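A.B. asks: below are the sequence and a predicted model for it; my questions follow.
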Amino acid sequence: MLDAATLDSLAAAFAALGRLHREAPDETALRGFRDLIEDWPLAALEPEGKDSAAGPSNAGPSNAGPSNAGPSNAGPSNAGLPSAGLPNSGSSSAGPSNPGPSNPAPAGAAAVGEAGTADASTRTRWHGGTDAGRAATGAGMEQIRESARAGETPEEIRRDHDLLYGDTAAARVAPYESVHRGVDGLVFGEATLEVRAAYQALSLQAPKLNQEPDDHIGLEFDFMAQLTLQVIDALYGDDAVRAEKLMTHGTDFLRDHLLAWAPQMLDLATQHAQTHFMKGVVLLSIGALDSYAELLDLPFERP
C-alpha cells in the first residue's frame, strides 16, 4: 500500500536536490538549506533511545503523520533559489486530467519544509533505504554542516557548481543522461527524447525545450518529485487507480533512466566536487535514490 507520509518525504528531498543540481543557491537559499538540514526528510532515524548516525536534531522525530490540509498546492517559495522545475507542456492526450500547477513543490531549501503535505515540524521522516544509502545520507548531512562551519560562501559554491557541471565552461562531470549512456557521449541523444516523452505523459516539459537537454539530472529529480506529489494528490482524492498508474510510470522512469546512469555520475561528482556543500548535495542525492529504489523494490547499484 502506498503511504502518503513516505511519499511526501521523498517528494520534498527530490524537489530540493533537483533545484540544487540545476543551479547553485544564493545567500538566502544557502542559509535556509543549512538551517534545515537537521530536518532533512530522508534522515536516518534510529529506534527511540538511540542517537541517529546522521545526527538529527535533539527535538526528536515527530510522530505526526501528514497534515489534514489535503493535497499540496504549495507554490514556489521565496527561498531565493531559482526555479529549475518542469513547466506544463500544455494539453497532452497522454497526460493526466486537470494536472494543476506545474510547480507543486517549492524551490530551494524551503522544499524540505514545504513540499508535499507536511512541514518539517510534522513530517514523519522516511528512514528506509539500504545501509549504504543511509550512510550516504548521513555523510551528506555532515558535509552540509561542515560547509557552514567552514564558512563556504555562495560565490565559492557557485564556482564549484560551474566547474563541476559546466555551467559556463567544460564540465568535469556531465549532468546529462545522454552523455553517460549514449554511444557517442553527446547531448540530445536517444535518452533525451525518451525522457522528454516521459515528461510529456504528465503534461510536463523541460523549461528550455530544444535549447537545453531535457535529461539534466536536476530535471529528472524534479520530475520524480512532481510525479510523487501527483500520487499524493490522487491518494487524498481516493483515486487509487490513478495513484497506481502514476507509480507505475515513476517506477519505469526510475528504473529505465535515473538508476541506469545517476549512481555512476554521482560517484564521479563526489570525486570532483571541491566544496563541502556540493559534496553534500551529491551524497544526499545518492541516499535519496537509494531510498526510492528500495521503496519500489528496484536494484540500486553503486560503482
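C.D. replies: Thanks, I have the structure now. Since this is a predicted model, take the numbers as computed values, not measurements.
A.B. asks: now residue 171. Its backbone dihedrals?
C.D. replies: Here is the backbone geometry of residue 171 (degrees, to the nearest 10): phi -80, psi 140.
A.B. asks: what about it, neighbour count?
C.D. replies: 15 (other CB atoms under 10 Å). In this view, the C-beta of every residue, glycine as well, is placed from N, C-alpha and C.
A.B. asks: and residue 251, by the same measure?
C.D. replies: By other CB under 10 Å, the residues close to residue 251 number 16.
A.B. asks: again, but for residue 197
C.D. replies: 11.
A.B. asks: for residue 236, same thing?
C.D. replies: A count of nearby residues for residue 236, using other CB under 10 Å, gives 17.
A.B. asks: in terms of contact, does it touch residue 2 like I think?
C.D. replies: No: judged on CB atoms under 8 Å, residue 236 makes no contact with residue 2 at a distance of 11.3 Å.
A.B. asks: identify the contacts common to those two.
C.D. replies: Overlap between the neighbourhoods of residue 236 and residue 2 is empty, taking contacts as CB atoms under 8 Å, 6 or more residues apart in numbering.
A.B. asks: stretch 270-282: how far from the chain's middle?
C.D. replies: 16 Å (CA atoms, centre = their mean, to the nearest Å).
A.B. asks: span of it from start to end?
C.D. replies: Distance between the boundary residues of stretch 270-282 (CA to CA, to the nearest Å) amounts to 6 Å.
A.B. asks: what residues does it touch?
C.D. replies: Residues contacting stretch 270-282 (CB under 8 Å, 6+ apart): 17, 20-21, 30, 140-144, 146-147, 150, 152, 156-157, 160-161, 163-164, 172-173, 266, 269, 283, 286.
A.B. asks: can you do 7 Å?
C.D. replies: 17, 20-21, 140, 143-144, 146-147, 150, 152, 156-157, 160-161, 164, 172-173, 266, 269, 283 (CB atoms under 7 Å, 6 or more residues apart in numbering).
A.B. asks: and if you look at stretch 284-301?
C.D. replies: Here stretch 284-301 makes contact (CB under 7 Å, 6+ apart) with 6, 10, 13-14, 17, 42, 126, 128-130, 132-134, 136-137, 140, 251, 254-255, 258-259, 262-263, 266.
A.B. asks: what mean pLDDT would you report for that stretch?
C.D. replies: On average, the pLDDT along stretch 284-301 is 94.
A.B. asks: go on, stretch 159-176?
C.D. replies: 91.
A.B. asks: what do you get for stretch 257-274?
C.D. replies: pLDDT averaged over stretch 257-274 gives 96.
A.B. asks: tell me the buried residues in stretch 202-210?
C.D. replies: For stretch 202-210, burial by neighbour count (16 or more other CB atoms under 10 Å) applies to 202, 203, 204, 205, 206, 207.
A.B. asks: how close does the first one sit to residue 240?
C.D. replies: Using CB to CB, to the nearest Å, one gets 18 Å for the distance from residue 202 to residue 240.
A.B. asks: what does the last one give?
C.D. replies: As judged by CB to CB, residue 207 and residue 240 stand 32 Å apart.
A.B. asks: next one: the fourth one
C.D. replies: Counting by CB to CB, the gap between residue 205 and residue 240 amounts to 28 Å.
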